[in-house]
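Chemist: build me a model:
(one chain, ligands or ions: 1)
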Amino acid sequence: MRIAGRHYRTIALAADGCSVEIIDQTLLPFTFKLRRLQSLEDAAQAICEMTVRGAPLIGVTAAYGVALAMRTDPGNASLRRAMTTLGATRPTAVNLHWALARMSETLQPLAPGARAAQAYAEAWAIAEEDVRCCEMIGRHGLKLLQALAARSPGRRLNVLTHCNAGWLACVDWGTALAPIYAAHEDGLPVHVYVDETRPRNQGAALTAFELGAHGIPYTLIVDNAGGHLMQQGQIDVCLVGSDRATAGGDIANKIGTYLKALAARDNDVPFYVALPFSSIDWSINDGLAQIPIENRPAREVTHLAGLDERGRRIEVRIAPTDATAANPAFDVTPARLITGIITERGVAAADYAGLAALYPERSEARRAGA
Ligand SMILES: CSC[C@@H](O)[C@@H](O)C(=O)COP(=O)(O)O
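Modeler: Got it, this is the predicted structure:
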């Protein structure tokens with residue numbers, strides 16, 4: 001992704017060769033600022049406070065967090081502490097636990113003296129793998145978008161997306177936005193309806209920012225407008241990301257995704273979910289019963305943050321001072337409402353057979369009880 005003519009990734013090793021540079025996403029879309037993570041605590045705090053967010057990026061940040069911990073102290077107790085601290089940051093995105101398990105498997109057998117260098121190498125490998133996966137998701141998703149566009153030649157293709165599943169949520173490209181970037185590059189007249197995504201407004205702040213930076217036409221809408229637009233025939237396809245998919249094809253994504261899937265089904269609009277293999281939790285089948293849903297602070301619901309007339313960042317209260325608010329951050333869309341799952345290996349039906357056909361090695365391991 002290019003910002004003002006320079007190519008960025010959302011996370012990278014800093015020039016000093018040990019600290020880790022991230023984009024502070026809490027300041028977007030108004031300020032583009034890089035921040036450095038120097039310690040395990042910095043990495044954990046960045047994930048908790050959503051300075052970095054999005055399932056794949058949370059996983060990569062956790063991997064680098066382990067590397068930062070190993071640099072300070074490569075002992076067994078320190079490794080265990082890194083796993084516990086990072087593992088407790090955010091519960092829903094399985095990429096976090098996947099990345100930590102991979103770091104642990106790599107580092108545990110090594111002598112402490114060899115751990116720091118290997119931890120940095122593995123974190124880098126996880127980041128590179130994410131970039132490759134997202135690029136492939138873009139290519140597979142492009143074919144779907146081309147097929148949809150071919151139904152009405154010469155007309156713009158309207159995609160509805162929710163939250164931010166773009167390059168800001170990953171290392172580069174994105175999951176749900178990768179096919180859109182690929183379509184734009186391919187010359188398809190693609191236009192995106194961007195759900196604002198209350199309460200944290202990842203759509204308004206982040207998706208609008210990155211689509212705009214890339215020159216992709218978009219229209220920002222309030223979360224409740226999607227159903228109406230579908231009824232009016234203004235949405236050709238819904239394309240969203242995911243924080244965790246079950247082996248049976250249910251998916252958890254940002255709160256409100258489920259309502260879009262229901263509206264899509266009622267209006268015969270295809271509903272696709274884009275995700276890399278690291279977002280599939282092969283150990284569970286039933287998304288509603290088994291995916292842990294993060295509950296976030298009530299203040300995100302009772303208050304809104306933005307800039308005042310003089311460009312100063314402020315927070316304003318929008319509810320009575322004594323209002324009680326609930327803030328579940330994710331919901332589960334059942335597999336039956338999903339048209340297909342776009343992965344780095346191709347498009348799968350949203351069920352066990354579909355996913356297992358793309359990942360035979362995982363279904364083998366599952367049968368063997370691994
Ligand atoms: C690759 S993006 C998929 C999801 O991570 C994304 O849609 C989402 O829900 C992000 O939630 P966030 O709370 O901003 O981390």
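
Chemist: going forward, measure contacts and count neighbours with C-alpha atoms only.
Modeler: OK.

Chemist: nearest residue to His218 other than its sequence neighbours?
Modeler: For the record, residue 218 is Tyr, not His. Excluding the flanking residues, the one nearest Tyr218 by CA to CA, 6 or more residues apart in numbering is Val192, at 4.5 Å.

Chemist: domain-wise, how is this structure divided?
Modeler: According to automatic domain parsing, the chain comprises the domains 2-129, 136-367.

Chemist: turn those domains into CSV, including mean pLDDT, distance to the ligand and mean neighbour count.
Modeler: Below are the domains of the chain laid out as CSV (pLDDT from 0 to 100; distance: least, CA to the nearest ligand atom, whole Å; neighbours: other CA atoms under 10 Å):
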stretch, mean pLDDT, distance to the ligand, mean neighbour count
domain 2-129, 97, 4, 19
domain 136-367, 97, 4, 20
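
Chemist: that older thread, pop out the phi and psi values for the residue nearest to Tyr218.
Modeler: Backbone torsions for Val192, taken as degrees, to the nearest 10, come to phi -120, psi 130.

Chemist: residues in contact with it?
Modeler: Taking CA atoms under 8 Å, 6 or more residues apart in numbering, we find Val192 in contact with Asn158, Val159, Leu160, Thr161, Ile216, Pro217, Tyr218, Thr219.

Chemist: and if we set it to 6 Å?
Modeler: Going by CA atoms under 6 Å, 6 or more residues apart in numbering, Val192 touches Asn158, Val159, Leu160, Tyr218.

Chemist: check which helix or strand the first one maps to.
Modeler: By that I understand Asn158. Asn158 belongs to strand 157-161 when elements are defined using DSSP states H and E.

Chemist: who are the packing partners of the very next helix or strand once past that strand?
Modeler: Using DSSP H and E, the helix or strand that follows strand 157-161 towards the C-terminus is helix 178-185. Judged by 3 or more CA pairs under 6 Å, 6 or more residues apart in numbering; DSSP states H and E, the packing partners of helix 178-185 are helix 112-151.

Chemist: now the helix it packs on against helix 178-185, angle please.
Modeler: Going by axes from the mean of the first three to the mean of the last three CA atoms, to 10 degrees, helix 112-151 is angled at 60 degrees with respect to helix 178-185.

Chemist: list the helices and strands helix 112-151 packs on?
Modeler: Using 3+ CA pairs under 6 Å, 6+ apart, the elements in contact with helix 112-151 are helix 55-72, helix 178-185.

Chemist: give me the angle between that helix and helix 55-72.
Modeler: 170 degrees.

Chemist: how far does helix 112-151 sit from the chain's center?
Modeler: 12 Å (CA atoms, centre = their mean, to the nearest Å).

Chemist: can you give me the angle it makes with strand 157-161?
Modeler: Angle, helix 112-151 to strand 157-161, by the same axes, to 10 degrees: 140 degrees.

Chemist: which residues touch the residue nearest the centre of the chain?
Modeler: Nearest to the mean C-alpha position of the chain, counting by CA atoms, centre = their mean, stands Gly54 at 3.3 Å. Shown in contact with Gly54 (CA under 6 Å, 6+ apart): Ala169.

Chemist: what of the one 5 residues further on?
Modeler: The neighbours of Gly59, taking CA under 6 Å, 6+ apart as the test, are Asn95, Leu96, Ala99.

Chemist: what about the closest residue to it other than its chain neighbours, which SS state?
Modeler: Using CA to CA, 6+ apart and skipping the chain neighbours, the partner closest in space to Gly59 is Leu96 (4.1 Å). What DSSP: H, G, I helix; E, B strand; the rest coil gives for Leu96 is helix.

Chemist: repeat that for the one 5 residues further on.
Modeler: Reduced to three states with three-state DSSP, the structure at Ala101 is helix.

Chemist: now do Thr219
Modeler: Once three-state DSSP is applied, Thr219 turns out strand.

Chemist: phi, psi of Ile341?
Modeler: Here is the backbone geometry of Ile341 (degrees, to the nearest 10): phi -110, psi 120.

Chemist: that one contacts Val347, correct?
Modeler: Yes - using CA atoms under 6 Å, Ile341 makes contact with Val347 at a distance of 5.4 Å.

Chemist: helix or strand: which one has Tyr80?
Modeler: For the record, residue 80 is Arg, not Tyr. helix 76-87.

Chemist: mind listing residues that contact that helix?
Modeler: Residues contacting helix 76-87 (CA under 6 Å, 6+ apart): Ala44, Val66.

Chemist: between that helix and helix 112-151, how many degrees?
Modeler: Going by the same axes, to 10 degrees, helix 76-87 makes 20 degrees with helix 112-151.

Chemist: quick check on the residue nearest to the centre of the chain: phi, psi?
Modeler: Phi and psi for Gly54, reported as degrees, to the nearest 10, are phi 90, psi 130.

Chemist: could you work out the end-to-end span of stretch 104-115 for me?
Modeler: Using CA to CA, to the nearest Å, the end-to-end distance of stretch 104-115 comes to 10 Å.

Chemist: all set now, cheers.
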